[in-house]
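Student: Just a sequence and a predicted model for now, questions to come.
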Amino acid sequence: MNIIFIGPPGVGKGTQSLLISKTIKIPIISSSKILKENINTLSTMQNVSKEINDGKLINDNIVTKLIFSQIEKKFCKPGFILDGFPRTIIQAKELKKFKKIDIIFYLFAKKNVLIDRLIGRRIHVPSGRVFNVNSFAIGEKQLDPLTKEPLSIRKDDSKKIVKKRLEIYNSLTKPLIEFYRTESIRGTCKLYEINASKTIEHVKTELLHHLNLNS
Ligand code: AP5
Ligand code: MG
């Protein structure tokens, strides 16, 4: 099964794709993770690191090639979950030509919810574990619960850059919802629109329900 998570910054795409991946045992392809892993090779073409920290989108061609090269690998044979791709109409059209997608989960939440989540996000860089200042698990000192190491803040999670990312999302990524609504009506895939302002557990249960699984 091939699944896409689409939605604004901070809506919970990374959080939910991880939970779903663990349950249905299908790998995640995270576009930002792949970009960061390839930063040294890519930076000869575009200053990828700076663009990401500034909240700008990376060139369609670069991202598409990277993602497709992952999809072609053996580990994606049972299916895959895309987190952060496609993000423009160009990327979606290329993906349509390349692979059949079964399910699109469009997660949405109000702007103030998204801003609060992003400003409060904390990362354990070595493991990639993601928390929030509101997470009971990290305590007042904001340490990784497993290693007790300090947590970091993503450079693009400052209030100024978050606002810019939301603007870019609205102009370049949001039109994908209409694209996939049309595809869904045609029967080429199924689009589910999920209110992601509820708790992490609640959202997960709803996603599993659409996958015909109980949590
Ligand atoms: P990317 O990392 O994909 O950033 P994003 O889309 O802005 O999304 P985020 O990762 O910030 O949010 P999320 O929805 O994953 O939320 P999360 O689960 O972490 O991309 C970064 C950059 O890479 C882009 O700006 C661009 O430069 C480049 N890039 C990537 N893909 C590209 C592409 N296809 N084309 C071009 N450029 C590309 O949750 C956020 C916080 O909220 C966490 O603290 C979490 O604990 C908390 N939380 C989550 N769900 C809930 C909930 N239900 N209730 C309460 N708290 C919650
Ligand atoms: Mg993410």
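Tutor: Nice, thanks for sending it over. Ligands and ions are numbered 1, 2, ... in the order given.

Student: other SSEs contacting the lowest-mean-pLDDT helix or strand in the chain?
Tutor: None of the helices or strands of the chain scores lower by mean pLDDT, DSSP states H and E than helix 39-42, at a mean of 82. Under the contact criterion of 3 or more CB pairs under 8 Å, 6 or more residues apart in numbering; DSSP states H and E, helix 39-42 touches helix 48-53. For the C-beta atoms, the positions are set from N, CA and C on the backbone; glycine is no exception.

Student: Report all helices and strands that the helix it packs on contacts.
Tutor: With contacts defined as 3+ CB pairs under 8 Å, 6+ apart, the secondary structure elements packing on helix 48-53 are helix 31-37, helix 39-42.

Student: residues from this protein in reach of ligand 1?
Tutor: Residues of the chain that fall close to ligand 1, judged by CB under 6 Å from any ligand atom: 7, 9-15, 31-32, 35, 51-52, 55-58, 63, 84-85, 87, 91, 117-118, 120-121, 130-132, 165, 196, 199-200, 203.

Student: Narrow these to those in helices?
Tutor: With helices identified by DSSP state H, the entries of those that belong to them are 13-15, 31-32, 35, 51-52, 63, 91, 117-118, 165, 200, 203.

Student: Can you show me the strands along the protein?
Tutor: Along the chain, the segments classed as strands by DSSP state E run 2-6, 28-30, 80-83, 103-108, 121-124, 129-132, 190-195.

Student: Relative to Glu149, which of those is closest?
Tutor: Nearest to Glu149, of all those, is strand 121-124, at 6.5 Å by CB to CB.

Student: Tell me which other helices or strands the closest one touches.
Tutor: strand 129-132.

Student: what residue ranges in this protein score low on pLDDT?
Tutor: Per-residue confidence for the chain (pLDDT under 70) gives these ranges: 43-46, 215.

Student: contacting residues around stretch 148-156?
Tutor: Applying CB atoms under 8 Å, 6 or more residues apart in numbering, the contact partners of stretch 148-156 are 52-55, 121-126, 131, 138, 142-144, 161-162, 165.

Student: Then stretch 33-44?
Tutor: 48-49, 52, 58, 62-63, 66-67, 70, 128.

Student: what distance separates that stretch from the centre of its chain?
Tutor: In terms of CA atoms, centre = their mean, to the nearest Å, the centre of stretch 33-44 is found 17 Å from the chain centre.

Student: Excluding covalently adjacent residues, which one is nearest to Ser135?
Tutor: For Ser135, the nearest residue in space outside its immediate sequence neighbours is Arg122; the separation is 7.8 Å by CB to CB, 6 or more residues apart in numbering.
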